[in-house]
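Q: After the sequence you'll find the predicted model.
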Amino acid sequence: MRFQDKIVFITGGAKGIGKAMAEAFLAEGASVAVNSRSTEAINKFEEEFKGKNVLAFTADITNYEDMENVAGKIWNAWGKVDVLINNAGIVNPLTPSEKTKKEDFDRAIDVNLKGTFYVSQVFGKRMVEQKSGRIINMITQAAIYGEKGFLPYVMSKAGLMVMTRNLASEWSRHGVTVVAIAPGFIAGGMNEGLIRKQAFVDFLSKKTPIGRMAKVEEITGLVLFLASPEAQYINGETIVIDGGMTGYTAEPLLDFIMAGKGK
């Protein structure tokens, strides 16, 4: 197994894509810790993975003290973290930029950008001390090419691309490498609500030349590869996995909604 004796921490790892990543790493021999703001999600995760090498914490990535506490408990239990996956994040309500509410903008920046930096710093400084570690940041294809109606989300995730490159340039000399993944639309995770309606499935599938949304296992497969020794020379980069959507002209989701096609 590729990750025998490895320790992985996944933010937002109790459900959705984060949980799928946790399952994938456990299947490859790793010990996995996760966090979630939701006590219910954490309780369900602990029940499902009872008897496995897991730790689960109810903690908010926007609370620096929460993350210091989580890191301390993981190091006390397992003595290290080999892989940090910054997966936790939120999407702002679909809104034209001129109508975006201040609280929605602030929340996206607080969670997606500031919170991810807090986690990266808390865990990164310990990785620097242990002189090893891999950090993988989950962003979005839209952070590179934009998506109408999602400016706060896109801006916050775009900041993570710069953070990825900057941290890689600072920490690589200490044995800590950093990469980012920019997925397109995934059939799961944040899109769980959308894909319950066939109109949205058809619409999102048409936004990519490959003609479908990404499968969850295609995303987790890339994460496993980037966490493996074979990918260690990939550093500071953002890997786009979007089925060829890059540069492809398609109807923006905002226009689709405003035209009443999602009903």
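A: Received the coordinates, thanks. Only a predicted model underlies this, so the values are computations on that prediction, with no experimental measurement involved.
Q: Where do the helices of the stretch 1-150 of the chain begin and end?
A: 16-27, 39-48, 64-78, 102-108, 116-130, 142-145 (DSSP state H, counting those that start in this stretch).
Q: neighbouring contacts of the second one?
A: Spelled out, it's helix 39-48. Helix 39-48 is touched from outside by 13, 14, 15, 19, 22, 34, 35, 36, 54, 56, 57, 58, with contacts defined as CB atoms under 8 Å, 6 or more residues apart in numbering. Glycine gets a C-beta too; all of them are placed from N, C-alpha and C.
Q: so where's the protein shaky on pLDDT?
A: The chain contains residues with pLDDT under 70 at 188-197, 247-258, 261-263.
Q: is it possible to export the contacts of helix 39-48 to a markdown table including distance to residue 170 and neighbour count?
A: Output for these, formatted as a markdown table (distance: CB to CB, whole Å; neighbours: other CB atoms under 10 Å):
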| residue | distance to residue 170 | neighbour count |
| --- | --- | --- |
| 13 | 26 | 30 |
| 14 | 30 | 28 |
| 15 | 32 | 19 |
| 19 | 31 | 24 |
| 22 | 28 | 29 |
| 34 | 27 | 30 |
| 35 | 25 | 29 |
| 36 | 29 | 27 |
| 54 | 31 | 18 |
| 56 | 30 | 21 |
| 57 | 27 | 20 |
| 58 | 31 | 16 |
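Q: just curious, which of these is nearest to residue 104?
A: residue 36 (21.1 Å; CB to CB).
Q: all strands for this structure, in order.
A: In the chain, the strands defined using DSSP state E lie at 7-10, 31-36, 54-58, 83-86, 133-138, 176-183, 238-241.
Q: Strand partners (parallel or antiparallel) of the last one?
A: Strand 238-241 has these partner strands in its sheet, going by DSSP bridges: strand 176-183 (parallel).
Q: How about residue 133: what's its closest non-neighbour residue?
A: Leaving aside its chain neighbours, residue 133 sits nearest to residue 127 (3.1 Å; criterion: CB to CB, 6 or more residues apart in numbering).
Q: what's near enough to touch the one you found?
A: 81, 84, 133, 135, 171, 174, 175, 176.
Q: Separate out the buried members of these.
A: Using 16 or more other CB atoms under 10 Å as the burial test, these include 81, 84, 133, 135, 171, 174, 176 as buried.
Q: contacting residues for the first one?
A: Contact partners of residue 81, counting by CB under 8 Å, 6+ apart, are 7, 8, 9, 33, 71, 74, 75, 123, 126, 127, 133.
Q: what do you get if the cut-off is 10 Å, keeping everything else the same?
A: For residue 81, the contacting residues are 6-9, 31, 33, 71, 74-75, 123-124, 126-127, 130, 132-135, by CB atoms under 10 Å, 6 or more residues apart in numbering.
Q: And the third one, by the same measure?
A: Applying CB under 10 Å, 6+ apart to residue 133 gives the contacts 7, 80-84, 123-124, 126-127, 171, 174-178.
Q: The second one too?
A: Listed by CB under 10 Å, 6+ apart, the contact partners of residue 84 are 7-11, 33, 71, 119-120, 122-124, 126-127, 133-137, 176, 178, 227.
Q: Can you flag the buried ones in those?
A: Applying 16+ other CB under 10 Å to the contacts of residue 84 flags 7-11, 33, 71, 119-120, 122-124, 126-127, 133-137, 176, 178, 227 as buried.
Q: Wait, residue 95 touches residue 108, no?
A: No - using CB atoms under 10 Å, residue 95 makes no contact with residue 108, being 11.2 Å away.
Q: Need the overlap of contacts for these two.
A: Joint contacts of residue 95 and residue 108 (CB under 10 Å, 6+ apart) are 150, 151, 152.
Q: of these, buried ones?
A: Buried, going by 16+ other CB under 10 Å: 150, 151, 152, out of the shared contacts of residue 95 and residue 108.
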